[in-house]
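**Q** A structural model of the following input is requested.
(chains A and B)
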There are 2 protein chains.
Amino acid sequence: MKVEAIQNIEQKPVELAGATATKMRMLVGPADGAGNFHMRHFEVAPGGHTPHHQHDYEHEILILKGEGEAKSEQGARRFRAGDVIWVPPNELHQFVNTGPTPLEFICLIPAPKDCSR
Amino acid sequence: MKVEAIQNIEQKPVELAGATATKMRMLVGPADGAGNFHMRHFEVAPGGHTPHHQHDYEHEILILKGEGEAKSEQGARRFRAGDVIWVPPNELHQFVNTGPTPLEFICLIPAPKDCSR
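**A** Predicted structure coming up:
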């Protein structure tokens, strides 16, 4: 069993095209031996955003701090701390920090088969 | 895309043998079409606990509120809000609320193949 404070886990900038002012921590991932799905922590500075993109795998998200806007094919939805977000596979999506404070959320994905995510 | 506040999702008592004062919400699950893994929210009242058990699937956990003790084969570990916990498959585990306020956490599991979890 691993028990670790989020802030003790290394945080790296997200270099993915279309992401701005976004940093990530791998909370539970390949290094832990997690073979089915991975828990990542994201921190987006005010005005920052994740890429506007789509892919063949889902997201399961919980908003921990802050607020923002989730853009999808159905338009934009407001969200805030305490909200859960489900993005089905292949749905276009983007998360924008529209608030005055850092936006923090966890986002889980199925374990990549080719290590490219 | 689904965007929903945790408190708007139905909460049910956990009837599993060995659990006391524990309630659960399915945040993302079969009803959403989530086929790979499921996000559940647990609330354990002071003094309550989850079962002391083991199974062939893993847990990925994030502590949202409160504090407690995680019992495993390596002994007991303290945890509190902001901690992440990884329980590998087949490891004996139990989560006890040792604090004065409700313990809240999310716990993810791979999608059951036989709907029995």
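**Q** what does chain A put close to chain B?
**A** A:1-7, A:9, A:27-28, A:32-34, A:36-37, A:39, A:57-58, A:60, A:62, A:64, A:70, A:72, A:74, A:77-79, A:82-88, A:91, A:93, A:106, A:108, A:110 (C-beta under 8 Å from any C-beta of the partner chain). C-beta coordinates here come from the backbone N, C-alpha and C atoms, glycine included.
**Q** Filter those residues down to the buried ones.
**A** Among those, those buried by neighbour count (16 or more other C-beta atoms under 10 Å in any protein chain shown) are A:1-4, A:6, A:27-28, A:32, A:34, A:36-37, A:39, A:57-58, A:60, A:62, A:64, A:70, A:72, A:79, A:83-88, A:93, A:106, A:108, A:110.
**Q** quick one: which of those sit in helices?
**A** Using DSSP state H, no member of these falls in helices.
**Q** Can you tell me what sits against stretch A:90-100?
**A** Counting by C-beta atoms under 8 Å, 6 or more residues apart in numbering or on different chains, stretch A:90-100 makes contact with A:18, A:21, A:44-56, A:59, A:61, A:66-73, A:78, A:87, A:103, A:105, B:1, all of which sit outside it.
**Q** Can you give me the buried ones in that stretch?
**A** So, applying 16+ other C-beta under 10 Å, buried residues of stretch A:90-100: A:93, A:94, A:95, A:96, A:97, A:98, A:99.
**Q** re the thing from before, mind checking which of the buried ones among the residues of chain A next to chain B are in strands?
**A** A:2-4, A:27-28, A:37, A:39, A:60, A:62, A:64, A:70, A:72, A:79, A:83-87, A:93, A:106, A:108, A:110 (DSSP state E).
**Q** In chain A, where is pLDDT below threshold?
**A** A:114-117 (pLDDT under 70).
**Q** sorry, back to before: hmm, which of the contacts of stretch A:90-100 are the buried ones?
**A** In the contacts of stretch A:90-100, the ones that pass as buried (16+ other C-beta under 10 Å) are A:21, A:44, A:48-51, A:59, A:61, A:66-72, A:87, A:103, A:105, B:1.
**Q** Who are the contact partners of the closest residue to residue A:56 other than its chain neighbours?
**A** Nearest residue to residue A:56, sequence neighbours excluded (C-beta to C-beta, 6 or more residues apart in numbering or on different chains): residue A:89, at 5.3 Å. Neighbour list for residue A:89: A:55, A:56, A:57, A:58 [criterion: C-beta under 8 Å, 6+ apart].
**Q** Quick check: phi and psi on residue A:89?
**A** phi -50, psi 140 (degrees, to the nearest 10).
**Q** How much space separates residue A:104 from residue B:111?
**A** Going from residue A:104 to residue B:111 by C-beta to C-beta, to the nearest Å gives 26 Å.
**Q** who does the most centrally placed residue in chain A bridge with?
**A** The C-alpha lying nearest the average C-alpha coordinate of chain A belongs to residue A:107 (C-alpha atoms, centre = their mean; 4.0 Å). Under the criterion DSSP bridges, residue A:107 forms beta bridges with residue A:40, residue A:61.
**Q** what's near enough to touch it?
**A** A:40, A:42, A:59, A:60, A:61.
**Q** how close does residue A:70 get to residue B:27?
**A** 16 Å.
**Q** To clarify, my last question referred to residue A:20.
**A** 28 Å.
**Q** same thing with residue A:74?
**A** Residue A:74 is 20 Å from residue B:27, by C-beta to C-beta.
**Q** cool, residue A:22 as well?
**A** Residue A:22 is 23 Å from residue B:27, by C-beta to C-beta.
**Q** just residue A:51 next, same as before
**A** 24 Å.
**Q** Good, wrapping up.
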